[in-house]
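Participant: show me the folded form of this:
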Amino acid sequence: MLKLTNISLFSRLSGINVTATSGKLIHVVGPNGAGKSTLLTVIAGLLSAQGTVELLGKNIHSYSAMELARIRAYLSQQQENSSMMQVFQYIALHQPTNTTAEAVEPVVMFLSEQLNLSDKLNRPLTKLSGGEWQRVRLAAIFLQVWPSLNPDAQLLLLDEPMNSLDVAQQAALDRLLTLFCEQGKTAIVNAHNLNHSLHHADEVWLLHHGHLIAAGAATDVMTPQQLENVFNIGFELFQVGSQRWLMPT
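Facilitator: Sure, this is the predicted structure:
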């Protein structure tokens, strides 16, 4: 579904080769400055680099902007919130082309309920808190690629989407990502919480100084030895019931 071949960009990314198959939730993990955000921007087709990004067997830069918007969605780490439009208007801007209001409305309501936005749809964007604005952005980006409205959508790219979300809201985002991937779609998420990645990600891409150190199943990549080499801190791995937990030492 997605193939990266020798992706390099100055000192930010270096010789990255990796593939992503359909139906996977992939977390990109690494310290600050590892190149995680740059990598997502390159995958989204918004930043040119040496090498090739192939999406559905086609070079990412051969798609038109409209075609890209149809098959992938990208949520940047930060976005200014200065518009006077209301929440429902902003979300509606992200609805896929060739959809009807009758089809879009129940999906908007479902996403709003999941992200606890139902009572905020008529609120101006400028009246939102940081966490509320983040949830509005998430509702909009999910609407763009929601499978029942847009069967062509294949890829969702989220750069640190947990920013400003409390524990309940993070759980809601986890549920939406699970639903999305269960329908054969792929999500690539930049993440900082190592235990969250260990418990939720199907696969992990571990970056350090622009290099891909390891890629594969979360339990195979998230080992104390590999994490110690990347984060320059010790880790111990504990088994609690059926789950593993990483603890820095």
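
Participant: any idea where the helices of the chain begin and end?
Facilitator: Counting by DSSP state H, the segments of the chain that form helices are 36-43, 65-71, 87-92, 101-114, 130-145, 167-182, 194-200, 218-221, 224-231.

Participant: would you mind saying which of those helices lies nearest residue 209?
Facilitator: Ranking the helices of the chain by their distance to residue 209 (criterion: C-beta to C-beta) puts helix 224-231 first, at 9.0 Å. Yep, even glycine has a C-beta here, placed from its N, CA and C like the rest.

Participant: turn the helices of the chain into TSV, columns for mean pLDDT and distance to residue 121.
Facilitator: TSV is the format used below for the helices of the chain (pLDDT from 0 to 100; distance: least, C-beta to C-beta, whole Å):
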stretch	mean pLDDT	distance to residue 121
helix 36-43	98	29
helix 65-71	95	23
helix 87-92	95	4
helix 101-114	96	6
helix 130-145	97	9
helix 167-182	97	16
helix 194-200	96	28
helix 218-221	96	36
helix 224-231	96	41
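
Participant: out of the ones you listed, the one nearest residue 212 is which?
Facilitator: helix 36-43 (8.7 Å).

Participant: for the closest one, which helices and strands make contact with it?
Facilitator: Counting contacts by 3 or more C-beta pairs under 8 Å, 6 or more residues apart in numbering; DSSP states H and E, helix 36-43 is packed against strand 2-9, strand 13-20, strand 25-29, strand 155-159, strand 186-190.
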